[in-house]
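Chemist: Predicted model and sequence follow; I will ask about them next.
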Amino acid sequence: MSTDHRDDRAASFDRAAAVYQATRPSYPDEAVRWSVPALARDVLDLAAGTGKLTERLVALGWHVVAVEPSDAMRAELTAALPDVGALPGTAERMSLPDASVDAVTIAQAWHWVDPPMAAAEIARVLRPGGQVAPLWNVRDEETDWVARWTEIVHRGDGLETSYRDPELGDAFTEPEHATFHWTQRLRTADLRTLAASRSHLILLPPDERDALLDEIDELVATHPDLRGREWIDVPYRTECYRARLR
């Protein structure tokens with residue numbers, strides 16, 4: 001997969017920011033607390049998107065600044081969290097001063113970055129001893145309908161966008177890892193909308209996208225765990241990593 005195509009995929013969320021905000025899951029508080037030191041004061045939520053993680057950081061009491069490259073995603077964040085400073089920028093280049101935050105979170109985004117450049121820029125904005133935490137929400141495919149939903153959504157998708165051990169380089173300690181299990185309450189009708197928020201589908205030609213989304217509707221209408229139900233609990237694992245600046 002070329003870097004250009006990866007960048008196109010990352011930029012695709014400009015087209016579906018409202019859908020992303022409406023259906024993508026939040027993050028469980030226990031995962032957020034694990035990812036950010038309790039004594040931290042200023043937290044940077046990097047690649048903050050529409051503010052799904054930002055909202056939990058604010059609710060748990062930290063002073064948060066958000067950096068997000070997409071104008072459309074950043075507008076959704078500002079609408080939801082008008083008191084949070086939201087700046088344009090990327091993991092590789094941001095306008096924050098040196099040593100200005102105690103912790104950096106980067107949710108659902110480390111797979112879009114250039115690891116060496118991002119690690120160096122994160123190290124620049126962290127205060128001595130500061131912490132970085134890449135984290136991902138991952139659907140639990142041990143549930144049959146979730147596995148079938150995922151197969152439809154990623155059919156023909158050649159880009160690996162799931163969680164992985166983050167490459168942080170020598171500036172950081174060896175990352176620690178923790179997993180948190182939880183569920184998102186969602187209307188079954190929104191499983192189509194959730195699928196439509198995926199970068200693979202956003203970039204498909206309309207006829208191909210509609211065909212896959214129609215398969216999602218068929219799954220909802222026929223699977224015994226979904227058929228006839230208005231609401232469903234979508235099982236997730238939040239996969240978290242954290243490392244300290246040396």
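Modeler: Yep, that arrived.
Chemist: How about the contacts made by the residue nearest to the spatial centre of the chain?
Modeler: In the chain, the residue lying closest to the centroid (Cα atoms, centre = their mean) is Q108, at 2.4 Å. By Cβ atoms under 8 Å, 6 or more residues apart in numbering, the residues touching Q108 are 24, 47, 49, 52, 135-137. Heads up, the C-betas are built off the backbone N, CA and C, glycines and all.
Chemist: could I get the residues you listed as a markdown table with distance to A195?
Modeler: Putting the contacts of Q108 into a markdown table (distance: Cβ to Cβ, whole Å) gives the following:
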| residue | distance to A195 |
| --- | --- |
| R24 | 11 |
| A47 | 22 |
| G49 | 17 |
| K52 | 17 |
| L135 | 22 |
| W136 | 18 |
| N137 | 15 |
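Chemist: Restricted to strands, list these.
Modeler: 135-137 (DSSP state E).
Chemist: Neighbour-wise, which one of the residues you listed leads?
Modeler: L135 (26 neighbours; other Cβ atoms under 10 Å).
Chemist: For the helix ranked longest in the chain, give me every contacting residue.
Modeler: Using DSSP state H, we find that the single longest helix of the chain is helix 206-222. The contact list for helix 206-222 (Cβ under 8 Å, 6+ apart) reads 145, 148-149, 152-153, 155, 188-189, 191-192, 195-196, 201-202, 204, 226-227.
Chemist: same thing but 6 Å
Modeler: With contact meaning Cβ atoms under 6 Å, 6 or more residues apart in numbering, helix 206-222 is reached by 148, 152, 188, 191-192, 195, 201, 226.
Chemist: Which among the residues you listed count as buried?
Modeler: 148, 152, 188, 191-192, 195, 201, 226 (16 or more other Cβ atoms under 10 Å).
Chemist: what would those look like in a markdown table with distance to S95?
Modeler: Output for the buried ones among the contacts of helix 206-222, formatted as a markdown table (distance: Cβ to Cβ, whole Å):
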| residue | distance to S95 |
| --- | --- |
| R148 | 44 |
| I152 | 40 |
| T188 | 42 |
| L191 | 38 |
| R192 | 38 |
| A195 | 35 |
| L201 | 32 |
| L226 | 45 |
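Chemist: now, the most widely separated pair of those residues?
Modeler: L201 and L226 (19.2 Å; Cβ to Cβ).
Chemist: what about stretch 113-123, distance to the chain center?
Modeler: Taking Cα atoms, centre = their mean, to the nearest Å, one finds the center of stretch 113-123 at 17 Å from the center of the full chain.
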